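1. Need a 3D model of the following:
(2 chains)
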2 protein chains.
Amino acid sequence: MSATTLLNHQFRLAARPSGLPKKTDWDQTSEPVRDIFEGEIVVKALYLSIDPAMRGWMNENKSYIRPVGIGEVMRAGGVGVVVASKSPRFTVGDVVSGGIGVQNYWVGAADDKFGGFFKIDPRMAPLTTWLNTLGMPGMTGYFGLLEVGQPKAGETVVVSGAAGAVGQTVGQVAKHLGCRVVGIAGGEDKCNFVVGELGFDACIDYKGGDVRAGLKQHCPDGVDVYFDNVGGDILDTVLTRINMKARIVICGAISQYNNTTPVKGPANYLSLLVNRARMEGIVVFDYAPRYPEGVAALAKWLKDGSFKSREDVVDGLEHFPDALLMLFEGKNFGKLVLKIADA
Amino acid sequence: MSATTLLNHQFRLAARPSGLPKKTDWDQTSEPVRDIFEGEIVVKALYLSIDPAMRGWMNENKSYIRPVGIGEVMRAGGVGVVVASKSPRFTVGDVVSGGIGVQNYWVGAADDKFGGFFKIDPRMAPLTTWLNTLGMPGMTGYFGLLEVGQPKAGETVVVSGAAGAVGQTVGQVAKHLGCRVVGIAGGEDKCNFVVGELGFDACIDYKGGDVRAGLKQHCPDGVDVYFDNVGGDILDTVLTRINMKARIVICGAISQYNNTTPVKGPANYLSLLVNRARMEGIVVFDYAPRYPEGVAALAKWLKDGSFKSREDVVDGLEHFPDALLMLFEGKNFGKLVLKIADA
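-> Numbering: from 1, shown residues only, chains lettered A, B, ... in the order given. Have a look, this model is predicted:
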């Protein structure tokens, strides 16, 4: 097969958004996939991961990773299949995970740092699971909870965005460790799922109820670990309920990513002082050398049925801008992935 | 001597203040010192410690210590001398440190938990030093820096309230550990003192200059440890300059204690995420069993001249309300103490 016969549709960043990304912040482009040189591969996108972190990558500010440049293909992790290879590392047909970008085909050196492709075993779990429990969100939840949250059996763990990609892993890992686990999620359906399907002890519906009252009811012994994916008022409310020596894992702040005003800092942060508690950030890349350990642990639980991986699949590259907005409206139910092509 | 001959003047909490404490928030009362029973002592106040934390004790909210009740003598640590004793633990003439309260005489059981009196050696250091470097502020700075801040030689340590009670200890301990130490203080005089007398590497005058520019200039390698006594805008500014794995010690937030609006949370707290950094509270009481270790270390440095303890003495119990306000206006220069009587 010749890569030059392939047409590549792409979403490129056209402008840095103010507030929620608009259609005009994207350029849709098409180009033929170029011939590859020695050491290069072509990866055909099958599924892309749609993540809250994408919003941060669109800003100009320096963060834990460089911003996406204006005119660049939008960054996205994904799973795909190698359709052309001049690299000894990959064979046509290999299923891989890596930084594909919001496009049909990734082309470049097989050892490209940004691409960072590695082979995955599609018999081990469905492809979408490799973007969820066995991918970045799963690793974030697993290492963030264990290494920063440091929960002990019998402690109470609260996680926001409980039905989301990271939240579902955090809660289920905490249950496996013998913790009391209380989720916070938006809507009755998500709460029912989190308790009924994922086995959380309780879930507080922040859209339909009072988070403070919910915490009082469901965390009678206070909160030992809070894994925060949302920031804003929910973080502030949980801060009023933490125990002595509590650990707050700062993983994200989806409520604040589209602010056009400054981020709302946690007004109750002095609860850290009163309770000798800790608030600490986690970035999953720090644990890259240990991903195999995380994947093995979670895959074992997935296999024995004691762990569930829920994805919400939107079909079609062309829906990328709308899919991204779903995250900020809380419309996704489980890890949001964009299906690009059949395997 | 009979304790009943003594007249005790007291400041009692009359009302819970809104914003800065007003004269009308205090009741001045006088009563004779009562006879003591078996196991009790009378402590004559010599010096009282005037602390930012007092403002928090005046609020109704539960904190790390119970609020002072309306009508109660205001809580204050101090040094005094035992003038009557029916306890085998203390002899008349013993110099002691403990929770005297804002009054001339403390009366009660020698093993009273609140009083918590222990003998001090007045030959080891001046009495006021026992309320500063060798007292709560010193212990707060010493254990807060070492245990929560965990500085390593060569790292950059920034401390706000640098000329204050806790700040002067933090900075000098950090210098002893081989760190680069940058203070933040209000006014040229304090900055000159902190650099010239205490040996900090630099000091940023937040009243006369730009804290952000100062941090850029004086912390060319970023900030590894920030010991925060002030909160507010200064905390937010330092958060923009922290290094990977930085540790922020939350010791106080004097800028926020008299707010009539909600506390200003750190809007830049997501810097904790980007930098995998930590923000953690410290309450000195947790280290009570280790005070002798802290006192020994600091006393050794005081003795060899490599450590200074600076106190700002206001004379007279009647000046207590004004002395307290000095703290919130940044008018004290060094640890603020109120002299009650000659030894």
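2. Residues of chain A that sit close to chain B?
-> A:63-64, A:231, A:236, A:250-253, A:256, A:262-283, A:286 (C-beta under 8 Å from any C-beta of the partner chain). The way it works is simple: take the backbone N, C-alpha and C, and place the C-beta from them, glycine included.
3. out of the residues you listed, which are inside helices?
-> Of these, the ones assigned to helices by DSSP state H are A:Asp236, A:Ser271, A:Leu272, A:Leu273, A:Val274.
4. Can you select the buried ones from the residues of chain A next to chain B in PyMOL?
-> Here is the PyMOL command that picks out the buried ones among those, judged by 16 or more other C-beta atoms under 10 Å in any protein chain shown:
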select buried, chain A and resi 63+64+231+236+250+251+252+253+256+263+264+265+266+267+268+269+270+271+272+273+274+275+276+277+278+279+280+281+282+283
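5. State the helix or strand in which A:Leu48 lies.
-> For A:Leu48, the host element (DSSP states H and E) is strand A:40-49.
6. who does that strand pair up with?
-> Paired neighbours of strand A:40-49 in the sheet (DSSP bridges): strand A:78-85 (antiparallel), strand A:105-109 (antiparallel), strand A:335-339 (antiparallel).
7. May I have it exported as CSV, CA atoms only?
-> Extracted C-alpha coordinates of strand A:40-49, given in CSV (Å, rounded to 0.1, in the frame of the first residue of the first chain):
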residue,chain,number,x,y,z
GLU,A,40,8.8,6.6,9.8
ILE,A,41,5.3,5.1,10.1
VAL,A,42,1.7,6.1,9.3
VAL,A,43,-0.9,5.5,12.0
LYS,A,44,-4.5,5.4,11.0
ALA,A,45,-6.7,6.8,13.8
LEU,A,46,-9.4,4.6,15.1
TYR,A,47,-10.4,6.3,18.4
LEU,A,48,-9.3,9.6,19.8
SER,A,49,-9.4,10.6,23.5
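8. B:Gly265 versus the residue in the stretch 101-250 of chain A positioned nearest to chain B, what's the distance?
-> Across the stretch 101-250 of chain A, the shortest distance to chain B (C-beta to the nearest C-beta) belongs to A:Ile250, at 4.9 Å. Distance of A:Ile250 to B:Gly265, computed by C-beta to C-beta, to the nearest Å: 13 Å.
9. How about A:Asn132?
-> For A:Asn132, the distance to B:Gly265 equals 32 Å [C-beta to C-beta].
10. again, but for A:Gly209
-> 24 Å.
11. didn't the residue of the stretch 101-250 of chain A closest to chain B look like it was pressed against B:Leu273?
-> Yes: between A:Ile250 and B:Leu273 there is a contact under C-beta atoms under 8 Å: 4.9 Å.
12. Which neighbours do these two have in common?
-> A:Gly281, A:Ile282 (C-beta atoms under 8 Å, 6 or more residues apart in numbering or on different chains).
13. Domain-wise, how is chain A divided?
-> A:3-132+A:310-339, A:136-285 (automatic domain parsing).
14. Quick check: closest non-adjacent residue to A:Ala323.
-> Leaving aside its chain neighbours, A:Ala323 sits nearest to A:Val314 (4.5 Å; criterion: C-beta to C-beta, 6 or more residues apart in numbering or on different chains).
15. gap between that neighbour and A:Asn332?
-> Relative to A:Asn332, and taking C-beta to C-beta, A:Val314 is found at 8 Å.
16. any residues in contact with both of those two?
-> A:Ile50, A:Met326.
17. Those two - which one has more neighbours?
-> A:Asn332 (21 against 18; other C-beta atoms under 10 Å in any protein chain shown).
18. Look at the residue nearest to the spatial centre of chain A and tell me its secondary structure.
-> Among the residues of chain A, the one closest to the centroid is A:Pro137, at 3.9 Å (C-alpha atoms, centre = their mean). The three-state label given to A:Pro137 by DSSP: H, G, I helix; E, B strand; the rest coil is helix.
19. swap in A:Thr129?
-> Following three-state DSSP, we place A:Thr129 in the helix state.
20. three-state assignment of the spatially closest residue to it that is not a sequence neighbour?
-> Distance criterion C-beta to C-beta, 6+ apart; nearest residue to A:Thr129, sequence neighbours excluded, is A:Ser309 at 4.6 Å. Secondary structure for A:Ser309, judged by three-state DSSP, is coil.
21. how about A:Ser309, phi and psi?
-> phi -120, psi 110 (degrees, to the nearest 10).
22. quick one: the helices in chain A?
-> Under DSSP H, chain A gives helices at A:53-57, A:136-143, A:165-176, A:188-196, A:211-218, A:232-239, A:271-274, A:291-303, A:320-328.
23. Wait, A:Pro21 touches A:Asp322, no?
-> No: at 10.2 Å, A:Pro21 does not count as touching A:Asp322 under the criterion of C-beta under 8 Å.
24. Compare neighbour counts for the two and give me the winner.
-> Set A:Pro21 next to A:Asp322 and count neighbours by other C-beta under 10 Å: A:Pro21 wins out with 21 against 13.
25. how close does that one sit to A:Gly252?
-> Taking C-beta to C-beta, one finds A:Pro21 at 17 Å from A:Gly252.
26. quick one: low-confidence ranges for chain A?
-> A:1-4, A:112-115 (pLDDT under 70).
27. picking that back up, who's in contact with the residue nearest to the centre of chain A?
-> A:Ser49, A:Asp51, A:Leu131, A:Gly164, A:Ala165, A:Val166, A:Thr169, A:Lys335.
28. Tell me, how many residues neighbour the residue nearest to the fourth one when sequence neighbours are not counted?
-> Right, the one you point to is A:Gly164. Nearest residue to A:Gly164, sequence neighbours excluded (C-beta to C-beta, 6+ apart): A:Asn229, at 6.5 Å. Applying other C-beta under 10 Å, we find 28 other residues in the vicinity of A:Asn229.
29. got it, and A:Ile65?
-> Other residues close to A:Ile65 by other C-beta under 10 Å number 14.
30. Check the gap between it and A:Asn59 for me.
-> 11 Å.
31. One more: A:Asn8?
-> 26 Å.
32. Of these two, which one has the most company?
-> A:Asn8 (21 against 14).
33. residues in contact with the more buried one?
-> Contacts of A:Asn8 (C-beta under 8 Å, 6+ apart): A:Ser30, A:Glu31, A:Pro32, A:Val33, A:Gln103, A:Asn104, A:Tyr105, A:Val107.
34. what sits against the fifth one?
-> Just to be clear, that refers to A:Gln103. A:Gln103 sits in contact with A:Asn8, A:His9, A:Gln10, A:Phe11, A:Ala45, A:Val73, A:Leu317, where contact means C-beta under 8 Å, 6+ apart.
35. Leaving out the residues flanking it, which one is nearest to it?
-> A:Gln10 (4.0 Å).
36. do the last one as well
-> The spatial neighbour of A:Val107 that comes closest, neighbours along the chain excluded (C-beta to C-beta, 6+ apart), is A:Val42 at 5.2 Å.
37. count of neighbours near A:His176?
-> For A:His176, using other C-beta under 10 Å, the count is 15.
38. so how far is A:Leu145 from the closest residue in space to it that isn't next to it in sequence?
-> With C-beta to C-beta, 6+ apart as the criterion, A:His176 has its nearest non-adjacent residue at 6.6 Å, and that residue is A:Trp301. If you measure A:Trp301 against A:Leu145 using C-beta to C-beta, the figure is 14 Å.
39. same thing with A:Gly93?
-> Where A:Leu145 is concerned, A:Gly93 sits at a distance of 36 Å (C-beta to C-beta).
40. go on, A:Tyr105?
-> Between A:Tyr105 and A:Leu145 the computed distance is 36 Å (C-beta to C-beta).
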